[in-house]
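Asker: generate coordinates for the sequence data below:
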Amino acid sequence: MQSISPWTATAQSDLENSTVLWEKKFRDYTFQLYNTGDSLWIVTLWPNQGKMAFRAAFGLNSCFEVTNLFDDGQTVVINMTTRIGKYEVTIDFPNGLSPLLHYKTSFKADFPIMIPFWPRDILPLTENGNVENTFGNIHAHQIGARSGLLFLSMTKPKTGSVFYFQDLGSMSAYCEATGTSVGETVGGDWPEIGFQLPLTENLPLPADKDFILSDAYVLFSDQIAEDDIQVTHQFLNNLGEVYKSLPHPDTEYHKWTEIAEKCQEDLYHNKGCWTQTNGVPYLNAYLCDYKTPSEIMVQLAVLMPLKEYMDWTGEKHPLYDDLQKGISAFYDPNIKTINRWLPALYDKLDGSEEQKEKMVMDSWYLHHPLMNLSRLALKGEKIAKKLLLDSIPFAINVAHHFDYEWPVFYKMDTLEVIKKETAEGKGGEKDVPGSYAHLMLLVYELTKDELYLREAKKAVKKLIGRGFDIFYQANNTAFSAGALLDLYKITGEKMYLDLSFACLAGLFKNMQIWNCEYGFGKNYPNYFSVFPLNDAPYSAVYEEHEVYAKLREYMIKAEDVEILPSLKILIPEFVKYSLSRMSYYYPSKLPENMLSEEVKTGEIQPKLWIPLEDLYTGWEKSGQVGQEVYGGGVAFGVVPRQYCKVKEEDFLIFSDYPIKGFRKVKNAITFKTLGSGEFSCNVKIIYPKKIPKNVKVTQNKEEIEPSFSGATVLHYNIKGDTMVKIVW
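Answerer: So this is what the prediction gives:
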């Protein structure tokens, strides 16, 4: 028997001794409303008679009096009063095809009040027994400021599963007024689970103003997942289903072509971005960080997207030559591989962090620069190809030594493990087998040598059975998802596709699918942010950039693959909101009062077009880590992916969804927007001077009008999964 609080211990008997105020049958489920005095409950009955209760309102030491109950067949509105204020609860079922319950609660206090306690809002019930005798598995819950979700299965009694999602952005006004945060509010320990309103500590909730206290979406199923693959697949499908009914904020267009030009010039000219060794310039990791020796990942993190950008513009920039001339010096002939640190500066490593030692390697860090060398080699860069092929045998040797299960840190020269696990009992960097497989597949594409394909297959076997736990670092998990999709397309083996979906589930679990509009968070859009690590308190520009680029590529590669329908919604929507959001990493886009006065590494120059590493949700200031020079390639990566040049014409086509099949024939362009027809993307035709008069756009052969037009831009809302034709 589990220990429970008095509020939970008495809840089931309170429900049994109360009368049903309202009842509705929907999609084989029955929903009943109860007033038990200090709580208003919605009790859900499964077709098999399983039960679960949801506390739609809590009376704060007062009893409810229902003053009005209105039901028009679509929405139920319940008005209630207590000794301290007025409540309104609305209940509806927003998706007619799924058993999706939505309840939203607002409260207006009669006088300013402090809220020192709030019970969680989900209670598993038995048919005849006690709450403490129930049992269930919590598959996923909110961590930090990520989405306010809870995915669980009730196994005793064997009932089914619940996917619970709080739209935390709805509580922004409450948090702004009380100085609180909705981080870590959805979770709990069985059987006391669900959402817990942030407690007031310093500021009371003001009187005479309506505040939303809960905005919950609950999706029910009679299925219970039996393994990690089923859990992750159900998670994605549930999230996609709930996402359809959520309110979605507007997106914002940014002139990424102009941002890229500014970044290129600031990277090249600002002295704080550079240091020199033996007469060769190297990028610093952070602005004005002259203490940390030069790193190969930093150079290639800018060099690779810069190459893509130059291929797009057709113009070379001296920044590229400066970066390229220094990368060969990272090769260490003693261990026969590129090293993280510039060998000429080994003696400058101060040991202030675990990895700042001469031969210490962070496992993922060896593979990441080799991936970028592979991409450069595939674009015909000979220096990159030589460095890659000279270093790959070492990477394979390390993989064999650790049997494809990498620790966190190891010694490059001896392969001695320095740090085995991320935390006690948590294992090492669990997505590294996937990022290693991605590297091997890139080299396979370059060399056509079957050795590398075999290595990729061996490595990803270590991902089997890990489910959500594959996720260690967001960009590496995205690389893993892509590699597994590639392996599926090469072999046709479904196991690879299932594991790919598990990687994607880990990514979407670590996203913030709500818009923070309190504290400093109200100064920039943060909807659909992705966090770099499981426990990271902030979103990070470089990891976000790589996840965005990889998921966009995933969607294009998967167009001829039968992927989960939810992914056709979630991936393009993530891409769309990334493009709306990522420019706010540049401090020039933010008010200076939200920038941290204390910086861990280097310094911040707010007017410089170099992004911050870290953006926080809510009350914390951003830029605490520093201004990230190696994140400066984000605009270089966006432009060639989202802007299509038109041969022999002077205009551009921008789309914030992935597109495929861009083709020009005479005075016509055709392409397909990917994703789901249930959602739409933004397509712009951008002219250098003025819009011609004879432009016609069709969507699936039906002519459409622009949603708006400016002096040089035509803007269209285009559905996903649609053939588009532009004629002029």
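Asker: who's A668 bridged to?
Answerer: Note on A668: beta-bridge partners V665, V727, judged by DSSP bridges.
Asker: what's the neighbour count on it?
Answerer: A668: 12 surrounding residues under other CB atoms under 10 Å. In short, each C-beta sits where N, CA and C put it, glycine included.
Asker: OK, contacts around it?
Answerer: For A668, the contact set (CB atoms under 8 Å, 6 or more residues apart in numbering) comprises 725-728.
Asker: now N682: closest residue in space, sequence neighbours ignored.
Answerer: Nearest residue to N682, sequence neighbours excluded (CB to CB, 6 or more residues apart in numbering): D656, at 4.9 Å.
Asker: distance-wise, check the one you found relative to T673.
Answerer: Taking CB to CB, to the nearest Å as the measure, D656 falls 10 Å from T673.
Asker: likewise for E648?
Answerer: From E648 to T673 the distance is 24 Å (CB to CB).
Asker: of the two, who's got more company?
Answerer: Neighbours per residue, other CB under 10 Å: of E648 and T673, the larger number sits with T673, 24 against 6.
Asker: what about the closest residue to Y538 other than its chain neighbours, distance to K316?
Answerer: Of all residues not flanking Y538 in the chain, D614 sits nearest, at 4.0 Å (CB to CB, 6+ apart). For D614, the distance to K316 equals 33 Å [CB to CB].
Asker: settle it for me: which of these two has more neighbours?
Answerer: Set D614 next to K316 and count neighbours by other CB under 10 Å: D614 wins out with 23 against 11.
Asker: output the contacting helices and strands for the longest strand seen in the chain.
Answerer: Using DSSP state E, we find that the single longest strand of the chain is strand 210-221. Applying 3 or more CB pairs under 8 Å, 6 or more residues apart in numbering; DSSP states H and E, we find strand 210-221 packed against strand 51-58, strand 100-109, strand 158-166, helix 172-178, helix 228-243.
Asker: what mean pLDDT does the first one have?
Answerer: Summarised as a single mean, pLDDT over strand 51-58 is 96.
Asker: renumber starting at 19 from here on
Answerer: With 19 as the first residue, the last one maps to strand 69-76.
Asker: was I right to think K707 contacts V731?
Answerer: No: with contact defined as CB atoms under 8 Å, K707 and V731 do not form a contacting pair (11.5 Å).
Asker: can you pick out the residue with more neighbours from those two?
Answerer: Taking neighbours as other CB under 10 Å, K707 and V731 compare with V731 leading, 17 against 9.
Asker: who touches the more buried one in this structure?
Answerer: By CB under 8 Å, 6+ apart, the contact set of V731 is 702-705, 709.
Asker: so of those, which ones are in strands?
Answerer: Reading strands off these with DSSP E, I get 702-704.
Asker: scan those and report the most crowded one.
Answerer: Neighbour max across those (other CB under 10 Å) = I703, 23 neighbours.
Asker: what's opposite that residue in the beta bridge?
Answerer: Going by DSSP bridges, I703 forms beta bridges with I671, L732.
Asker: tell me where the stretch 19-168 of the chain has strands.
Answerer: Ranges of strands in the stretch 19-168 of the chain, per DSSP state E, counting those that start in this stretch, are 38-44, 47-53, 57-63, 69-76, 83-89, 93-99, 103-110, 118-127, 140-143, 153-159, 166-174.
Asker: tell me the angle the third one makes with strand 103-110.
Answerer: Regarding strand 57-63 and strand 103-110, their directions subtend 20 degrees when assessed with axes from the mean of the first three to the mean of the last three CA atoms, to 10 degrees.
Asker: give the partner strands of strand 57-63 in its sheet and their orientations.
Answerer: According to DSSP bridges, strand 57-63 forms sheet pairs with strand 47-53 (antiparallel), strand 69-76 (antiparallel).
Asker: go through those strands and pick out the most buried.
Answerer: Among those, judged by mean count of other CB atoms under 10 Å, the one packed with the most neighbours on average is strand 69-76 (a mean of 24).
Asker: now E34: how far from G297?
Answerer: Distance from E34 to G297, by CB to CB: 82 Å.
Asker: cool, N685 as well?
Answerer: As judged by CB to CB, N685 and G297 stand 53 Å apart.
Asker: CA-only coordinates of the lengthiest helix in the chain in CSV, if you can.
Answerer: Of all the segments of type helix in the chain, defined by DSSP state H, the longest one is helix 400-419. What follows is helix 400-419 as a C-alpha-only set of coordinates in CSV (Å, rounded to 0.1, in the frame of the first residue of the first chain):
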residue,chain,number,x,y,z
LYS,A,400,40.0,17.6,-50.3
ILE,A,401,41.5,18.8,-47.0
ALA,A,402,38.4,17.6,-45.1
LYS,A,403,38.4,14.3,-46.9
LYS,A,404,42.1,13.6,-46.0
LEU,A,405,41.5,14.5,-42.3
LEU,A,406,38.4,12.4,-42.2
LEU,A,407,39.9,9.2,-43.7
ASP,A,408,43.1,9.6,-41.6
SER,A,409,41.0,9.8,-38.4
ILE,A,410,38.2,7.3,-39.0
PRO,A,411,40.2,4.2,-38.1
PHE,A,412,40.8,5.7,-34.6
ALA,A,413,37.0,6.3,-34.2
ILE,A,414,36.3,2.7,-35.2
ASN,A,415,38.9,1.4,-32.8
VAL,A,416,37.3,3.4,-29.9
ALA,A,417,33.9,2.0,-30.8
HIS,A,418,35.2,-1.6,-30.7
HIS,A,419,37.0,-1.0,-27.5
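Asker: list the buried residues of the helix or strand just after that helix.
Answerer: Next in sequence after helix 400-419, counting helices and strands by DSSP states H and E, comes strand 427-429. Of all the residues in strand 427-429, those buried under the rule 16 or more other CB atoms under 10 Å are 427-428.
Asker: partners of strand 427-429, with directions?
Answerer: As defined by DSSP bridges, the strand partners of strand 427-429 come to strand 378-380 (antiparallel), strand 435-437 (antiparallel).
Asker: select, out of those, the one closest to C291.
Answerer: Among the strands paired with strand 427-429, the nearest to C291 by CB to CB is strand 378-380 (23.1 Å).
Asker: got a list of contacts for that closest one?
Answerer: 357-358, 372-373, 426-430, 436, 447.
Asker: same question for stretch 394-414.
Answerer: For stretch 394-414, contacts defined as CB under 8 Å, 6+ apart pick out 318, 321-322, 325, 329, 342, 345-346, 348-349, 353-356, 384-385, 388, 391-392, 454, 457, 460-461, 463-465, 473.
Asker: T203 and Q214, how far apart?
Answerer: Using CB to CB, T203 is found at 6 Å from Q214.
Asker: sorry, wrong one. I was asking about K707.
Answerer: Taken as CB to CB, the span from K707 to Q214 is 57 Å.
Asker: do the same with Y271
Answerer: As judged by CB to CB, Y271 and Q214 stand 38 Å apart.
Asker: just N685 next, same as before
Answerer: Taking CB to CB as the measure, N685 falls 60 Å from Q214.
Asker: neighbour count: the two, which is higher?
Answerer: When neighbours are counted by other CB under 10 Å, N685 and Q214 differ, and Q214 comes out ahead with 18 against 10.
Asker: mind listing what the more buried one touches?
Answerer: Residues in contact with Q214 (CB under 8 Å, 6+ apart) are 136-139, 203-204, 206.
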